[in-house]
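J.: Got a sequence here, can you model it:
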Amino acid sequence: MHRNDTHRKSIGYILWIFGFIGAHRFYYGKPLSGTLYFFTLGLLGIGWIVDFFLIPSMDEEADYRYFAGDIDFSLAFIFLTFLGIFGVHRMYMGKWISGLIYLFTGGVFGIGVLYDFWTLNDQISMENRKISL
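T.: Numbers count the residues shown, from 1 in each chain. Just a heads-up that it's a prediction; the model follows:
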């Protein structure tokens, strides 16, 4: 069953507070601009402010783009944003081996965490599709 509410505006706004590192952009499946925000501190704060008004449309786009299911996108992104180096987001998704590897290697020295910011939406969507079959 494909439910359309995969992302939440409230979580988007909470992550927007950390928008200067691009957290909300990664959450809504925009890894290129998320990376740009990370390296430019939210386009020197200007893009970050503009995004406050763009979050509703980014949320709607993400709801159409990704597959909802048992794994909650919002919870996984909160785990990744705040506990990524410990692999909690991977353990939450049932990826226990890589989660433990992250735990003992600091998210594989931070590179794995960055990779997950880029790909977490797709990873969750794929897992949700497997679970629903």
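
J.: Leaving out the residues flanking it, which one is nearest to residue 4?
T.: Using Cβ to Cβ, 6 or more residues apart in numbering and skipping residues adjacent in sequence, the residue nearest residue 4 is residue 63, 4.9 Å away. To be clear about C-beta, it is placed using only N, CA and C from the backbone, and glycine gets the same treatment.

J.: So in this structure, which helix runs the longest?
T.: Counting residues, the longest helix found in the chain (DSSP state H) is helix 111-132.

J.: Please enumerate residues in contact with it?
T.: With contact meaning Cβ atoms under 8 Å, 6 or more residues apart in numbering, helix 111-132 is reached by 1-2, 6, 22, 26-27, 29, 31, 34-35, 62, 65-71, 73, 76-77, 80, 84-85, 89-90, 93-94, 98, 102, 105, 107.

J.: Quick check on those: which are buried?
T.: 6, 22, 26-27, 29, 31, 34-35, 62, 66-69, 71, 73, 76-77, 80, 84-85, 89-90, 93, 102, 107 (16 or more other Cβ atoms under 10 Å).
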